[in-house]
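Undergrad: Got a predicted structure plus its sequence, pasted below:
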Amino acid sequence: MKAEYINPFLESAKIVIEQVVQVRPSTGQPGMKEIELADNYIWIQIGINGQINGDIVFGLHEHVALKMVSAMMGGYPIDAMDEMGRSAISELGNMISGNASTMLFGQGVKVDITPPKVLHSAQSVQFNVTRALTIPLIMNGIGELDIQVLLVS
């Protein structure tokens, strides 16, 4: 996987999270990671088609997602991931991926993205890959969001 394909997603995630969650994330250590399908975890899966193909998956523990949704809603406390919360998390993934696809286009890489799928249990996950390049984003006071790259170029 070429860094120029990954970096737009990383940079876009940092920009969007800072804008909508009002937390400046720092980048953790990238590496290869086993994809663990666990309950109480949320995945935002976005398909990428064009000059590169595959999926970008944003993974986060449910309590991190709740804190992010709460911040997106001006601090309104969120106790459970309901339809409004799933919609907010989905839109976060859409904003990150849309910005990243624009950045890729600026690099001469033409891609289309699919609408995000919010997957909320291990049984609903539909990716066939067991390992992925993972880049953690650490958000002080909120937790960690993993960007998992499942791309085939």
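TA: Here it is on my side, so go on.

Undergrad: What segments of the protein are strands?
TA: Along the chain, counting by DSSP state E, strands occupy 26-27, 31-34, 41-50, 53-61, 111-113, 117-119, 131-139, 143-152.

Undergrad: can you tell me how far the residue positioned nearest the centre of the chain sits from Tyr76?
TA: With distances taken as CA atoms, centre = their mean, Phe58 lies nearest the centre of the chain, 2.6 Å away. Going from Phe58 to Tyr76 by CB to CB, to the nearest Å gives 22 Å. All C-beta spots, glycine's among them, are computed from the backbone N, C-alpha and C.

Undergrad: just Arg24 next, same as before
TA: From Arg24 across to Tyr76, the span is 22 Å (CB to CB).

Undergrad: Compute the number of surrounding residues for Ser101.
TA: Applying other CB atoms under 10 Å, we find 22 residues neighbouring Ser101.

Undergrad: residues in contact with stretch 91-106?
TA: Applying CB atoms under 8 Å, 6 or more residues apart in numbering, the contact partners of stretch 91-106 are 5, 8-9, 11-13, 15-17, 20, 44, 46, 48, 52, 56, 58, 68, 72, 110-113, 115-116, 118.

Undergrad: Got a PyMOL select line for the buried ones in those?
TA: To isolate the buried members of those in PyMOL, using 16 or more other CB atoms under 10 Å:
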select buried, resi 5+8+9+12+13+15+16+17+20+44+46+48+52+56+58+68+72+111+113+116+118
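
Undergrad: rewinding a little: I'd like the strands of the chain as TSV, with mean pLDDT and distance to Gly98 appended.
TA: Listed next are those as TSV, based on pLDDT from 0 to 100; distance: least, CB to CB, whole Å:
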stretch	mean pLDDT	distance to Gly98
strand 26-27	94	21
strand 31-34	78	25
strand 41-50	88	9
strand 53-61	85	12
strand 111-113	92	7
strand 117-119	87	15
strand 131-139	85	18
strand 143-152	77	15
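
Undergrad: Good, wrapping up.
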